[in-house]
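[1] Model the following, please.
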Amino acid sequence: MGERPILYSFRRCPYAMRGRMALIVSGQQCAVREVLLRDKPAEMLEVSAKGTVPVLVLPDGTVIDESLDVMRWALARHDPENWLASEDPEVGSFIERIDGPFKHHLDRYKYSTRHDSDPIAHREAASAILAEFEDRLEGRDNLAGDRRSLVDIASFPFIRQFAMTDRSWFDDEPWSNLRAWLDRHLKSDLFAAAMVKLPLWKVGDQGGELPVYSTRATG
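    Predicted structure coming up:
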């Protein structure tokens, strides 16, 4: 194994997105193995049987296969925008709501046929959580202050997915703070860097590279 960690990733997965964004902002290079979730390579399943991304394999063989753990590992090595400063219980509860009940309702809203669910009921339940985000963003650009931090980047890919399910409906909701927050992150250079297309990995390939990113004073 080389000196760079290996990152198994899927471009459109929100968990993988937030992992990549933390790795990019930290300046941590990886050998990126872009995979298809419907055709997971045996090499990935050998190191993480749960079959989800991101999976980060460190040069010493340590496997990190939870996206928040990938984010915290990268930021512990280099945190140029001080994202980890937002890690207090109040702000952390927003990540818990996104990863818990919001994700539950998001899946049953976006993929109602797959879950045999009532999409409108689950949209309403998710909206109640987003109303808390709207209130939190009153008078600040981001969830923990004016600068982006871990809680913003951990939440953003899922709120993006929710908004894009029916953007016209989302735009009609009384969430001016949340829409402004979402649009800032959608237009950010960091998100653009995290969404760069890489070729699918095949056995024998070296893997792609994460874009080099120059961190900004604000985000």
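[2] which of the residues in the helix or strand of the chain with the lowest mean pLDDT are buried?
    The least trusted helix or strand in the chain, going by mean pLDDT, DSSP states H and E, turns out to be helix 89-97, with a mean of 87. Within helix 89-97, the residues that qualify as buried are Val91, Phe94, Ile95, Arg97, counting by 16 or more other C-beta atoms under 10 Å. The C-beta positions use only the backbone N, C-alpha and C, and glycine is treated the same way.
[3] Give me the distance between the next helix or strand after that helix and the centre of its chain.
    Following helix 89-97 in sequence order, the next helix or strand is helix 103-110 (DSSP states H and E). Taking the mean of its C-alpha atoms, helix 103-110 sits 16 Å from the chain's own mean (C-alpha atoms, centre = their mean, to the nearest Å).
[4] try stretch 11-31
    That offset, for stretch 11-31, works out to 8 Å (C-alpha atoms, centre = their mean).
[5] can you tell me the average pLDDT over it?
    The average pLDDT within stretch 11-31 is 97.
[6] buried set for it?
    Going by neighbour count (16+ other C-beta under 10 Å), the buried part of stretch 11-31 is 11, 13-26, 28, 30-31.
[7] Any idea how far stretch 65-81 is from the middle of the chain?
    The chain centre lies 12 Å from the centre of stretch 65-81; the measure is C-alpha atoms, centre = their mean.
[8] Now tabulate the buried residues of helix 89-97 in a markdown table and tack on distance to His78.
    Formatted as a markdown table, the buried residues of helix 89-97 follow (distance: C-beta to C-beta, whole Å):
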| residue | distance to His78 |
| --- | --- |
| Val91 | 21 |
| Phe94 | 24 |
| Ile95 | 21 |
| Arg97 | 28 |
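[9] Looking at those, which one is closest to Lys103?
    Ranked by distance to Lys103 (C-beta to C-beta), these are led by Arg97 at 9.2 Å.
[10] could you measure the closest one against Phe10, distance?
    Distance, Arg97 to Phe10, by C-beta to C-beta, to the nearest Å: 24 Å.
[11] do Phe133 as well
    Note on Phe133: its distance to Phe10, by C-beta to C-beta, is 26 Å.
[12] correct me, but Pro5 touches Ser26?
    No - assessed by C-beta atoms under 8 Å, Pro5 is found out of contact with Ser26, at 11.6 Å.
[13] What segments of this protein are strands?
    Taking DSSP state E as the criterion, the chain contains strands spanning 6-9, 31-34, 55-57, 63-64.
[14] Pro199: which of those is closest?
    Using C-beta to C-beta as the measure, strand 31-34 is the one of the strands of the chain that comes nearest Pro199, at 6.7 Å.
[15] Now do the closest one: everything it contacts.
    With contact meaning C-beta atoms under 8 Å, 6 or more residues apart in numbering, strand 31-34 is reached by 2, 4-11, 41, 43-44, 198-201, 205-210.
[16] Check those residues for burial and list the buried ones.
    Buried by 16+ other C-beta under 10 Å: 4-11, 44, 201, 207-208, 210, out of the contacts of strand 31-34.
[17] Do a quick rundown of the helices in this protein.
    In the chain, the helices defined using DSSP state H lie at 14-26, 42-47, 67-77, 89-97, 103-110, 112-115, 119-136, 150-165, 167-172, 176-186, 189-194.
[18] Output the fourth one as CSV, restricted to C-alpha atoms.
    What that stands for is helix 89-97. Provided in CSV are the C-alpha atoms of helix 89-97 (Å, rounded to 0.1, in the frame of the first residue of the first chain):
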residue,chain,number,x,y,z
PRO,A,89,-23.5,20.0,22.2
GLU,A,90,-25.9,22.6,20.9
VAL,A,91,-24.5,22.6,17.4
GLY,A,92,-23.9,18.9,17.4
SER,A,93,-27.6,18.3,17.9
PHE,A,94,-28.2,19.7,14.4
ILE,A,95,-26.0,17.0,12.9
GLU,A,96,-27.9,14.4,15.0
ARG,A,97,-31.2,15.6,13.7
